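J.: Coordinates for the following, if possible.
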Amino acid sequence: MAKITGLGGVFYIASDVKATHAWYRDILGIDGDYGPQLNWSEETGDKPYSLISHFSDAEYLQPSSKNFMINLRVDDLDGFVEQLKTKDIEILGHVDEGYGKFAWIMDPNGVKIEFWEQVAAPE
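T.: Residues are numbered from 1 along each chain as shown. The predicted structure is shown next:
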């Protein structure tokens, strides 16, 4: 059975994305191509990590009116999406970006949840 394996990241709106990214890099010492990146373990081949990502506008978070989104890692996105469908959960979208697969739903409070299956480790 497909399952959630951890927190993929936290995404929120920042008034100045570049300055916020620099703050996390300079003050907290975490950096990455897509925002501050926390690498957890290299015991498995996929080098799991979590992100704190900042966006300059809310377009990626739509249709939620909230200014944040929860990203959860899954071990089998296609299987997990099928499980959600059996529970009559509306899937907002489902894409394979090459480096990872993504799908989105809304929680009962209008918070967008993104599910992510890491396909390739970042270099």
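
J.: Can you list the buried residues in the top helix by length along the chain?
T.: If you go by DSSP state H, the chain has its longest helix at helix 77-86. For helix 77-86, a neighbour-count test (16 or more other C-beta atoms under 10 Å) marks 77, 80, 81, 84 as buried. C-beta coordinates here come from the backbone N, C-alpha and C atoms, glycine included.

J.: What score does the residue positioned nearest the centre of the chain have for pLDDT?
T.: Centroid-nearest residue in the chain: residue 71, 3.4 Å away (criterion: C-alpha atoms, centre = their mean). If you check residue 71, the pLDDT there is 89.

J.: Doesn't it lie inside a helix?
T.: No - assigned with DSSP: H, G, I helix; E, B strand; the rest coil, residue 71 falls outside any helix and is strand.

J.: Quick check: it touching residue 111?
T.: No - in this structure, residue 71 sits apart from residue 111 without contact. The criterion is C-beta atoms under 8 Å, and the distance is 11.4 Å.

J.: re earlier: what is the longest helix of the chain packed up against?
T.: In terms of contacts (3 or more C-beta pairs under 8 Å, 6 or more residues apart in numbering; DSSP states H and E), helix 77-86 is packed against strand 100-106, strand 112-118.

J.: Give me every residue in contact with the helix or strand following that helix, excluding its own residues.
T.: Moving toward the C-terminus from helix 77-86, the first helix or strand encountered (DSSP states H and E) is strand 93-96. Among residues not part of strand 93-96, those counted as contacts by C-beta atoms under 8 Å, 6 or more residues apart in numbering are 77, 81, 101, 102, 103, 104, 119.
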